[in-house]
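>>> fold the stuff below for me.
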Amino acid sequence: MNIKKAEKNDLQKILDLQYLAYQSEAKLFNDPNIPPLRQTLAEVESEYQKGIVLKAVDENNTIIGSVRAYHDNDTVYIGKLMVHPEKQGQGIGTQLLVAIENEYPQQRYELFTSSKSKKNIELYEKLGYKIFSEKQVTDELKFVYLEKLT
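Sure thing, here's the model as predicted:
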């Protein structure tokens with residue numbers, strides 16, 4: 001497995017992976033219309049222009065994971081950390097998160113996930129992130145915001 005910056009021509013494959021990887025989140029909420037499953041290629045291209053998109057590729061150069069981030073003021077906002085469902089639990093998400101932090105060294109990092117995403121929260125906390133805020137979005141959905149200070 002290798003992690004490198006995504007190219008613009010990778011973005012459709014990353015979006016396809018996103019649609020696949022976020023199915024588990026959709027099941028947590030019994031809602032097939034969560035925002036990551038509605039995102040368009042144009043929106044991903046906009047995020048690509050605004051910051052950095054990393055991809056994890058396997059030995060066949062197939063994209064098996066990705067993460068995005070951008071820097072604003074004194075904070076790096078990290079989002080859309082994803083790993084192919086068949087490749088989860090192998091440390092790829094951890095490596096992607098560390099790699100995106102390395103793109104923006106010595107910063108404050110912030111990310112969020114749903115309160116129901118226990119595996120995500122455990123991963124982030126294992127890597128030094130701490131919950132600093134929660135926001136009730138709907139009756140079913142609460143976001144948990146985590147930060148890491150360096």
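
>>> how are the helices of this protein distributed by residue range?
11-21, 23-29, 35-38, 41-50, 92-103, 118-126 (DSSP state H).

>>> which stretch in these has the least confidence?
Between the helices of the chain, the one with the least mean pLDDT is helix 23-29; it has a mean of 89.

>>> counting by contacts, list what it packs against.
Applying 3 or more Cβ pairs under 8 Å, 6 or more residues apart in numbering; DSSP states H and E, one finds that helix 23-29 contacts helix 35-38, strand 108-114. Just so you know, the C-beta spots here come from the backbone N, C-alpha and C atoms, and that holds for glycine as well.

>>> nearest to residue 61, out of those?
For residue 61, the closest of these is helix 35-38, at 24.0 Å, according to Cβ to Cβ.

>>> please save the CA atoms from that closest one in CSV.
The C-alpha trace of helix 35-38 is given here as CSV (Å, rounded to 0.1, in the frame of the first residue of the first chain):
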residue,chain,number,x,y,z
PRO,A,35,-24.4,14.0,2.5
PRO,A,36,-21.4,11.9,1.5
LEU,A,37,-23.7,9.8,-0.7
ARG,A,38,-25.1,12.9,-2.3
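
>>> centre of the chain versus that helix, how much separation?
13 Å (Cα atoms, centre = their mean, to the nearest Å).

>>> what comes up buried for it?
36-37 (16 or more other Cβ atoms under 10 Å).

>>> swap in stretch 115-122?
Neighbour-count burial for stretch 115-122 [16+ other Cβ under 10 Å]: 115, 117, 120-121.

>>> kindly report the same for stretch 7-19.
Quick answer for stretch 7-19 (16+ other Cβ under 10 Å): 10-11, 14-15, 17-18.

>>> same check on stretch 43-51?
In stretch 43-51, counting by 16+ other Cβ under 10 Å, buried: 44, 47-48, 51.

>>> can you check stretch 130-148 too?
Applying 16+ other Cβ under 10 Å to stretch 130-148 flags 144, 146-148 as buried.
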